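> Got a sequence here, can you model it:
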Amino acid sequence: MPLIAPSSYRPPARLWNGHLQTIVPSLFRKVAVSYVRERIQTPDQDFLDLDWAEGLGQAAEGSALRTEGKRPLVILSHGLEGDSTRQYITGMVRHLTQHGFDGLAWNFRSCSGEMNRLPRFYHSGATEDLDFIVRHAMQQGYRRISLIGYSLGGNLTLKYVGERGAALPEAVEKAIAFSAPIDLAASCEMLNRGFSRIYLRRFLRHLKEKVVEKEKLFPAEISSKHYRRIRTFADFDDRYTAPLHGFRDASEYYARNSAIQFLRSIQIPTLLINAKNDPMLAPECFPEAMARELPNVFMEFPEQGGHCGFPSGSDIQGTYWSEQRALAFLSQDS
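Purely as a prediction, here's the structure:
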């Protein structure tokens, strides 16, 4: 313990494999939430765009969520080339704000619809931005904060709470990661195989658009020349991510930022949920033996679910199992 097995997740019969459970929600689920945007300036003179969603009601008397002053806050971190409007983010925000939480979905640098000001982008281990947002929320009066991250944002969330350990801001109570590539090198290699290359090509196409835009702003630092030679994430990270963020190469970037090495240092209740049929996760992202040793990290590895999927029932627009599971974990007494 705390390995949670078996998982309670069961997919809709018509979404019978990991690709369908990944692609159908991504393409066809539409969840509208009402955000209020705030732009904050970072210490390095860049900016982050935060989208706030106010809870619809107070937690019931006697609930573990009940607190003086503000409602508890959940800070949500999206995946690679995502943003605060992705269905997995808005679905979670909708569900949690209906049950007594405020939501804060932040957009990584370059992901809010406006290019950021510096040559750097974002990456899987850039926890300084998440920490800055946590402390900003505390300055707004929030004293009970939980974190939820998806995919790249899941790795980021786990790395953050693990590397901070006992120095984590005291307001942060719990963390959840879905579909997190906690071994970055192995998961990048996974995307080089079979049908999963479809996801890889899509990501690289979107990243090229940003490289071209960045090149216009910083021609001395960034070049799109020979981008056609970029065939894998390792190629991209060697050429762009590593040098722009202070790493020697892709190998060093993966080694220093994979969340799996930080799990043993986590000191708050944390839940990791990775589906075994996730087409983007390598076997190294399911460390069952480690799960049985860690006192604070609960791991749940459903057989089904896809990547950032976990749809429930026949209504593709409705509440998903992941949202119900998150609410249950956040609502229970520690």
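> rest of the way, CA atoms for contacts and neighbours
Fine.
> Flag every buried residue along the helix or strand harbouring E128.
Here E128 is covered by helix 127-139, with elements defined by DSSP states H and E. Using 16 or more other CA atoms under 10 Å as the test for burial, helix 127-139 gives T127, D129, L130, D131, F132, I133, V134, R135, A137, M138.
> How far off centre is it?
The gap between where helix 127-139 is centred and where its chain is centred comes out at 15 Å by CA atoms, centre = their mean, to the nearest Å.
> what's the answer for stretch 86-94, then?
Put simply, stretch 86-94 sits 12 Å off its chain's centre (CA atoms, centre = their mean).
> and for it, what are the contacting residues?
Residues from elsewhere that reach stretch 86-94, judged by CA atoms under 8 Å, 6 or more residues apart in numbering: 25-26, 29-33, 53, 76, 78, 84, 103, 105, 308-309, 319-320, 323.
> quick revisit: let me know the closest of the buried residues of helix 127-139 to E209.
Set against E209, the nearest of these by CA to CA is D129 (23.1 Å).
> what about that closest one, distance to I40?
Look at D129 and I40: by CA to CA, to the nearest Å, they are 11 Å apart.
> Same check on H206?
25 Å.
> Which residue of the two possesses the greater neighbour count?
I40 (15 against 11; other CA atoms under 10 Å).
> ok, the more buried one - contacts?
So I40 contacts F47, L48, D49, L50 (CA under 8 Å, 6+ apart).
> can you list the residues you listed in TSV and add distance to R201?
Converted to TSV, those look like this (distance: CA to CA, whole Å):
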residue	distance to R201
F47	29
L48	27
D49	27
L50	29
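> Just give the closest residue to H245, not the sequence neighbours.
R120 (6.4 Å; CA to CA, 6 or more residues apart in numbering).
> One more: N192?
Leaving aside its sequence neighbours, N192 sits nearest to T232 (CA to CA, 6+ apart; 6.8 Å).
> per-residue confidence at the one you found?
You'll see T232 listed with a pLDDT of 97.
> coming back round to it: which of the buried residues of helix 127-139 lies closest to M115?
Distances from M115 to the buried residues of helix 127-139, taken by CA to CA, are shortest for D129, at 16.0 Å.
> ok, the closest one to I316 distance?
Taking CA to CA as the measure, D129 falls 33 Å from I316.
> Just the buried residues of stretch 155-174, please?
155-165, 168-169, 171-174.
> Inside helices: which ones of those residues?
N155, L156, T157, L158, K159, Y160, V161, G162, E163, R164 (DSSP state H).
> Could you work out the most separated pair of these?
Every pair of these checked by CA to CA; the farthest is N155 and R164, at 14.1 Å.
> Now do the same for Q324: helix, strand or coil?
The assignment at Q324 comes out as helix when based on DSSP: H, G, I helix; E, B strand; the rest coil.
> who's in contact with it?
H95.
> show me where the stretch 151-300 of the chain has helices.
For the stretch 151-300 of the chain, the helices defined by DSSP state H, counting those that start in this stretch cover 152-164, 184-190, 197-217, 233-236, 242-244, 250-257, 288-291.
> With just CA atoms, put the longest one into CSV.
Right, helix 197-217. Extracted C-alpha coordinates of helix 197-217, given in CSV (Å, rounded to 0.1, in the frame of the first residue of the first chain):
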residue,chain,number,x,y,z
ARG,A,197,3.4,8.2,-33.9
ILE,A,198,0.2,9.9,-34.9
TYR,A,199,0.2,11.8,-31.6
LEU,A,200,3.9,12.5,-32.0
ARG,A,201,3.5,14.0,-35.5
ARG,A,202,0.6,16.2,-34.2
PHE,A,203,2.6,17.5,-31.3
LEU,A,204,5.6,18.3,-33.6
ARG,A,205,3.4,20.1,-36.1
HIS,A,206,2.0,22.4,-33.3
LEU,A,207,5.5,22.9,-31.9
LYS,A,208,6.9,23.9,-35.3
GLU,A,209,4.3,26.7,-35.5
LYS,A,210,5.6,28.1,-32.2
VAL,A,211,9.3,27.7,-33.3
VAL,A,212,8.5,29.7,-36.4
GLU,A,213,6.8,32.4,-34.4
LYS,A,214,9.6,32.5,-31.8
GLU,A,215,12.2,32.7,-34.6
LYS,A,216,10.7,36.0,-35.8
LEU,A,217,11.1,37.5,-32.3
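> helices or strands next to it in the packing?
Where contact means 3 or more CA pairs under 8 Å, 6 or more residues apart in numbering; DSSP states H and E, helix 197-217 is packed against helix 233-236.
> Okay, buried residues for the helix it packs on please.
F233, A234, F236.
> As CSV, the residues you listed with distance to P269 would be great.
CSV is the format used below for the buried residues of helix 233-236 (distance: CA to CA, whole Å):
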residue, distance to P269
F233, 32
A234, 33
F236, 35
